[in-house]
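In: Fold the following.
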Amino acid sequence: MADKTTTTATTWEDLVAAALLGTGRRTPPVPPRPGQDGAAALLDAAAVETVRRRAGLLPAVVRHRPPVVPTDQRPPLPPAARSRLAMLLADRAGPAGGSRRGTAPDLTELLPQWLAAANQHGYRAPAALLPALLDAARGRTDLRAEALTLAGPRALWLARLNPQWKFALRSGLAVDWTPAPALPTGPGYDEAAERTWQEGLFAERVALLTALRRRDPDAARALLATTWSTERAEDRLMFVDALREGLSARDEPFLEQALADRSRNVRATSAELLSGLPGSALAARMARRARSCLALDFHEPRIVVEAPHECDSAMQRDGIVAKPPSGRGERSWWLGQLVEAAPLAQWSERFGSRSAAEIVALPVADGWRPDLHAAWCRAAVRQRNAEWSRALLGPPASPPAAEEASWQDPAKLLSALPPGERAAWVAAFISVHGLSEAFRLLGVCAVPWSEPLGRAVVDALDIARDAGSYPWSFSGVMGLAERCLDPEQADRLEVLTAQPDEPENGSPGAAGYWSEAFQRLVGTLRLRATMRRELTPTPRQRP
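Out: As a prediction, the model looks like this:
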């Protein structure tokens with residue numbers, strides 16, 4: 001009984017303090033038994049107090065039982081693919097930063113690709129791996145869309161029980177996976193969707209609007225209109241940006257009204273969306289203004305520019321920002337915005353029925369060429385106009401002139417071209433200019449790379465190796481090649497894994513690093529090929 005009383009009077013904090021300082025510096029708060037030293041007495045007391053603390057935990061508050069976990073009718077992963085997913089999730093932390101990678105494939109970089117491939121087959125994630133999959137998606141935003149698609153409705157069920165996974169509830173997929181009775185259908189909304197829109201958190205409302213926009217653009221716009229006038233400015237900006245997906249001429253009346261919004265950012269976003277509709281009234285107004293600034297001098301011929309002298313209230317209502325950035329002239333700033341928002345199709349008539357390539361080749365008077373061409377580049381990207389993007393890019397064998405390098409963005413212009421043409425342009429560019437300027441261009445090419453593009457990249461890497469270049473200077477491109485080359489190219493690249501002789505004047509040790517990098521490349525391609533086979537449904541699994 002004495003021991004019990006002594007232990008009860010001792011607090012947990014006293015025991016922790018004595019343990020941290022050590023019994024040599026602080027006398028334990030409990031007396032030792034005969035033949036026992038102070039450290040042993042301290043440990044005994046801590047053990048007793050630990051049991052006492054656990055036994056004294058308050059019972060949990062009684063709550064309603066959670067709803068039954070929703071069913072997922074999609075087919076399960078093949079056994080080999082299931083094991084592969086477990087391996088990828090177990091290795092998702094990856095190697096420590098700064099360490100030499102060696103020849104082993106980087107599984108952290110293969111996980112996004114594996115998830116996308118599994119979703120293409122329409123599989124569902126194993127229930128036992130859902131917690132690890134959600135943890136991976138919590139730590140990497142680039143995984144979330146594919147991870148939540150594979151996880152399906154059970155991920156949302158789990159997210160409602162664990163606040164660490166609440167990000168899943170903020171995703172547009174949260175509504176896509178909700179059981180059918182809670183989904184908006186047709187031009188109206190059922191009670192659950194209406195309650196979410198009226199009473200839900202902002203993230204839940206954005207998710208609802210985004211998901212509804214994918215299914216029924218008109219219904220999403222009608223839902224937004226019901227509360228538009230009472231929304232906060234920052235919320236209106238996010239909501240109007242959600243109309244970007246599925247944008248059509250039917251959205252024009254709503255966006256025209258938003259041009260008079262109290263928020264400058266809402267007005268600017270609405271104007272940007274309207275300028276992406278070539279037949280909109282705003283596009284017509286911008287076309288008239290832009291045409292008044294540009295004319296063709298038939299004597300030379302050349303383009304003559306008369307930039308705006310003022311930015312009136314009507315221009316500002318249509319999204320023109322009056323105040324230029326620091327160091328930028330007002331007139332050139334206003335001109336660029338007008339030309340960027342004007343439909344590109346009008347310029348052929350304005351300049352004597354010339355094609356886009358012929359218009360781009362025309363001289364521009366008085367040094368206005370950089371401003372004009374930069375605006376046309378932005379317009380080509382915004383309007384997804386392949387003809388103008390092609391003309392502004394020029395041939396891949398010729399690098400842009402020095403004056404163009406400051407405003408031309410080939411990666412953005414390439415994004416407006418068809419995937420095959422995009423890959424062919426980048427392949428030709430690499431064949432002439434090498435890889436030093438090609439990293440961003442490769443990032444906009446479709447995966448897996450086409451055979452000509454893949455060959456151009458590998459040939460350029462081989463040339464860099466033979467020249468004794470620093471291999472770590474090409475680590476970014478090598479990483480892209482591991483993820484983007486066609487896996488069927490592995491056998492053809494085997495010859496590059498041998499370690500060559502050190503070239504004269506080459507970087508010390510570079511040959512070994514290059515050999516290691518190519519071994520890793522070949523190993524990764526073979527692993528990707530294996531993963532592809534593992535995901536292929538067996539005859540029994542096929543419907």
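
In: C-alpha only now, for contacts and for neighbours.
Out: Will do.

In: phi, psi of Val364?
Out: For Val364, the backbone dihedrals (degrees, to the nearest 10) come out as phi -120, psi 130.

In: ok, the residue lying closest to Ala19 once chain neighbours are set aside - contacts?
Out: Closest residue to Ala19 in three dimensions, ignoring its sequence neighbours and counting by Cα to Cα, 6 or more residues apart in numbering: Leu42, at 7.6 Å. Contact analysis of Leu42 by Cα atoms under 8 Å, 6 or more residues apart in numbering lists Leu15, Ala18, Ala19, Pro28, Pro29, Val30.

In: One more: Arg378?
Out: Glu340.

In: ok, the residue positioned nearest the centre of the chain - contacts?
Out: Nearest to the mean C-alpha position of the chain, by Cα atoms, centre = their mean, lies Asp142 at 5.6 Å. In this structure, Asp142 makes contact with Pro112, judged by Cα under 8 Å, 6+ apart.

In: Quick check: which element contains the residue nearest to Ala19?
Out: Element membership for Leu42 (DSSP states H and E) is helix 38-55.

In: ok, and the closest non-adjacent residue to Pro419?
Out: Spatially, and ignoring its direct neighbours in sequence, Pro419 is nearest to Ala446 (6.2 Å; Cα to Cα, 6+ apart).

In: any idea of the pLDDT on the residue nearest to Leu107 when sequence neighbours are not counted?
Out: Once its chain neighbours are removed from consideration, Leu107 has its nearest residue in Leu88; the separation is 6.0 Å (Cα to Cα, 6+ apart). Each residue has a pLDDT score; the one for Leu88 is 93.

In: Backbone dihedrals for Leu88, both of them.
Out: Comment: the main-chain dihedrals of Leu88 come out as phi -70, psi -40, following degrees, to the nearest 10.

In: Next: Pro76.
Out: Main-chain dihedrals, Pro76, degrees, to the nearest 10: phi -80, psi 160.

In: give the contact list for Ala80.
Out: Applying Cα under 8 Å, 6+ apart, we find Ala80 in contact with Glu534, Leu535.

In: in the helix or strand it falls within, what counts as buried?
Out: Remark: Ala80 resides in helix 79-90, with elements defined by DSSP H and E. Taking 16 or more other Cα atoms under 10 Å as the neighbour-count basis, helix 79-90 is seen to contain the buried residues Ala81, Arg82, Arg84, Leu85, Ala86, Leu88, Leu89.

In: Would you state the helices of the stretch 351-500 of the chain in chain order?
Out: 356-361, 369-382, 386-393, 410-414, 419-433, 439-443, 451-466, 475-484, 490-493 (DSSP state H, counting those that start in this stretch).

In: To Pro76, which of those helices lies closest?
Out: Closest to Pro76 of the helices of the stretch 351-500 of the chain, according to Cα to Cα: helix 475-484, at 25.4 Å.

In: name the helices or strands packed onto that closest one?
Out: Of the remaining helices and strands, those touching helix 475-484 by 3 or more Cα pairs under 8 Å, 6 or more residues apart in numbering; DSSP states H and E are helix 107-120, helix 510-535.

In: Output these in CSV; the columns should cover mean pLDDT, distance to Ala219 and mean neighbour count.
Out: Rendered in CSV, the data for these read as follows (pLDDT from 0 to 100; distance: least, Cα to Cα, whole Å; neighbours: other Cα atoms under 10 Å):
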stretch, mean pLDDT, distance to Ala219, mean neighbour count
helix 107-120, 92, 28, 18
helix 510-535, 90, 37, 21
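
In: Can you tell me how far Phe518 is from Phe439?
Out: Note on Phe518: its distance to Phe439, by Cα to Cα, to the nearest Å, is 18 Å.

In: ah, wrong one, I meant Pro343
Out: With distances defined as Cα to Cα, the gap from Pro343 to Phe439 amounts to 31 Å.

In: Of those two, which one has the most company?
Out: Comparing Pro343 with Phe439 by neighbour count (other Cα atoms under 10 Å), the higher total belongs to Pro343, at 24 against 15.

In: Let me know the pLDDT of the residue nearest to Ala19.
Out: In this prediction Leu42 is given a pLDDT of 89.

In: what does Cys311 give?
Out: Looking at Cys311, its pLDDT reads 95.

In: list the contacts for it?
Out: The contact partners of Cys311, by Cα under 8 Å, 6+ apart, come to Ile320, Ala322, Trp334.

In: Ser431 now?
Out: Taking Cα under 8 Å, 6+ apart as the contact definition, Ser431 lies against Ala456, Ala460.

In: Also Arg138?
Out: By Cα under 8 Å, 6+ apart, the contact list for Arg138 reads Arg144, Gln164, Trp165, Phe167.

In: Now the element after the lowest-mean-pLDDT helix or strand in the chain, going C-ward?
Out: Across the helices and strands of the chain, the lowest-confidence element by mean pLDDT, DSSP states H and E is helix 2-9, at a mean of 45. Scanning forward in sequence from helix 2-9, with DSSP H and E defining helices and strands, the next element found is helix 12-21.

In: average pLDDT for that next one?
Out: This predicted structure assigns helix 12-21 an average pLDDT of 86.

In: Only the C-alpha atoms, please, for stretch 19-34, written as PDB.
Out: In PDB, the C-alpha atoms belonging to stretch 19-34 read as follows (Å, rounded to 0.1, in the frame of the first residue of the first chain):
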ATOM      1  CA  ALA A  19      14.600  10.300 -16.700                       C
ATOM      2  CA  LEU A  20      15.800  13.100 -19.000                       C
ATOM      3  CA  LEU A  21      18.300  14.500 -16.500                       C
ATOM      4  CA  GLY A  22      19.400  11.100 -15.200                       C
ATOM      5  CA  THR A  23      19.300   9.700 -11.700                       C
ATOM      6  CA  GLY A  24      22.900  10.900 -11.100                       C
ATOM      7  CA  ARG A  25      21.800  14.500 -11.400                       C
ATOM      8  CA  ARG A  26      18.300  14.300 -10.000                       C
ATOM      9  CA  THR A  27      17.100  12.100  -7.100                       C
ATOM     10  CA  PRO A  28      14.300   9.900  -8.400                       C
ATOM     11  CA  PRO A  29      10.800  11.000  -7.100                       C
ATOM     12  CA  VAL A  30      10.200   7.400  -5.800                       C
ATOM     13  CA  PRO A  31      12.300   5.700  -3.100                       C
ATOM     14  CA  PRO A  32      14.000   2.400  -4.200                       C
ATOM     15  CA  ARG A  33      13.100  -0.900  -2.600                       C
ATOM     16  CA  PRO A  34      15.800  -2.700  -0.600                       C
END
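
In: Show me what counts as buried in it.
Out: Ala19, Thr23, Pro28, Pro29, Val30, Pro31, Pro32.

In: closest to Arg291 among those?
Out: Checking those against Arg291 by Cα to Cα gives Ala19 as the nearest, at 81.9 Å.

In: can you pull the contacts of Ala137?
Out: When contacts are counted by Cα under 8 Å, 6+ apart, Ala137 touches Leu143, Arg144, Ala147, Leu148.

In: give me the low-pLDDT residue ranges for the stretch 251-400 of the chain?
Out: 399-400 (pLDDT under 70).

In: ok, back up a step: format the helices and strands packed on helix 475-484 as TSV; extra columns: distance to Thr497.
Out: Putting these into TSV (distance: least, Cα to Cα, whole Å) gives the following:
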stretch	distance to Thr497
helix 107-120	20
helix 510-535	5
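
In: I'd like to know which of the ones you listed lies nearest to Leu493.
Out: Within the helices and strands packed on helix 475-484, the stretch nearest Leu493 is helix 510-535; the backing value is 6.6 Å (Cα to Cα).

In: and the angle from the closest one to helix 451-466?
Out: Taking axes from the mean of the first three to the mean of the last three Cα atoms, to 10 degrees, one finds that helix 510-535 is oriented at 150 degrees with respect to helix 451-466.

In: What is the distance between helix 510-535 and the centre of its chain?
Out: Averaging C-alpha coordinates over helix 510-535 and over its chain gives two centres that are 25 Å apart (Cα atoms, centre = their mean, to the nearest Å).

In: Can you list the helices and strands that that helix packs against?
Out: Other helices and strands packing on helix 510-535, by 3+ Cα pairs under 8 Å, 6+ apart, are helix 79-90, helix 107-120, helix 451-466, helix 475-484, helix 490-493.
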